[in-house]
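A.B. asks: Compute the structure for the input listed below.
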Amino acid sequence: MKPGSGHLEYLDCYRCSRKAGWFAVAINLLLTIFKAFVGFISGSKAVLGDSLYSFKDFITSLVVVVGIRVSGKPADENHPYGHGKVEFVAILLISILMLIATVFLFIHSIKDVWVSFHGGITPPHFIAFWAAIISMIANYKLSSYLKCVGDKLKSPAIQANAHHNHSDALSSAFVAAAILGTKFGFYFLDPLVAVIETIDLMRLSYGMLNDSMKGILDASVHGKNITEIEDIARLVPGVRRVSKVTARQLGQSVWIDIVIKVDHDKTHEEGYAIGSRVKDTLSKRIGYVAGINLSIEPYFP
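C.D. replies: You can find the predicted model right below:
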């Protein structure tokens, strides 16, 4: 390895990361439009269901890219707690639309499965098979690209997008197999795969809806995150006890309310300095803090 080659590799990955989010947005949007169009003209319910997977990934990628930028804006006079809920509002609206679309496709797919057993269904045009193959290859390539960037930079958001596109590649493979099966007389396979897809999409949409509602309603942060906050604050010199910690989700960050105790004989200035160190330490060690509301109480042995 040449001197400095590791640093150059990191810089290359960093440059990739700046465009990876928008690249994922563009590819997923193109796949959504492409598969929706082919699904309609070919009569394939499975390809239509597959297009909804790409639409989900398009929205997820867009929310990550735009949401991080918007939610990262500093608090202002009209938004004293920042802009973190923008992501949750967007996901709420999209999840509702996804549920409506998947229920509609689910009902029609169930009907087609029933009709297929009575010989009253026309198999999809074979162009749907090639659309599924193209989708499988595109999703696999995009997943590999995002995984490389996400792993090198340890970015959870990019790694999550890579996982989604890898799952979509597998979904497209099943769609291709189902359409191929219709050429051998198994006409029910195309709508049956669509039924399975829509059930899974309804599950995913409900999860998105549930997560967005928790964010909008200031869901509390529990468990190891609270313990981590307490442990970090307790180790700051001058802190005798952490008497209360609560936290709530704000976008991808959290807002912390914490009460610490310092020796009762400390001056106001000394207590203020200890509190400032606690805030600085929490912000540096945790990294996803939107804001900290800290109160100081006297400690009596």
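
A.B. asks: Am I right that S243 sits in a strand?
C.D. replies: Yes: S243 sits within a strand when classified using DSSP: H, G, I helix; E, B strand; the rest coil.

A.B. asks: quick one: it from I258, how far?
C.D. replies: Distance, S243 to I258, by Cβ to Cβ, to the nearest Å: 9 Å. All C-beta atoms are positioned from the backbone trio N, CA, C, and that covers glycine.

A.B. asks: In terms of neighbours, single out the busier of those two.
C.D. replies: Taking neighbours as other Cβ atoms under 10 Å, S243 and I258 compare with I258 leading, 23 against 13.

A.B. asks: Helix or strand: which one has that one?
C.D. replies: Assigning secondary structure by DSSP states H and E places I258 in strand 253-263.

A.B. asks: Measure how whichever helix or strand comes after that strand sits relative to strand 253-263, angle-wise.
C.D. replies: Per DSSP H and E, the first helix or strand lying C-terminal to strand 253-263 is helix 268-286. Following axes from the mean of the first three to the mean of the last three Cα atoms, to 10 degrees, one obtains 140 degrees for the angle between helix 268-286 and strand 253-263.

A.B. asks: still on that earlier bit, please point out which parts of the strand holding I258 sit buried.
C.D. replies: 253-256, 258-262 (16 or more other Cβ atoms under 10 Å).

A.B. asks: so for the strand or helix carrying T32, what's the average pLDDT?
C.D. replies: Assigned by DSSP H and E, T32 belongs to helix 5-42. Mean pLDDT, helix 5-42: 76.

A.B. asks: Summarise which helices and strands the helix or strand following that helix is packed against.
C.D. replies: Using DSSP H and E, the helix or strand that follows helix 5-42 in sequence is helix 45-71. Helix 45-71 makes packing contacts with helix 5-42, helix 86-116, helix 127-153, helix 156-182, helix 189-216 when contacts are defined by 3 or more Cβ pairs under 8 Å, 6 or more residues apart in numbering; DSSP states H and E.

A.B. asks: want to throw the ones you listed into JSON lines with distance to I296?
C.D. replies: JSON lines is the format used below for the helices and strands packed on helix 45-71 (distance: least, Cβ to Cβ, whole Å):
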{"stretch": "helix 5-42", "distance to I296": "40"}
{"stretch": "helix 86-116", "distance to I296": "32"}
{"stretch": "helix 127-153", "distance to I296": "38"}
{"stretch": "helix 156-182", "distance to I296": "34"}
{"stretch": "helix 189-216", "distance to I296": "30"}
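
A.B. asks: Out of the ones you listed, which gets nearest to Y53?
C.D. replies: The minimum distance between Y53 and the helices and strands packed on helix 45-71 falls on helix 156-182, with 4.9 Å, by Cβ to Cβ.
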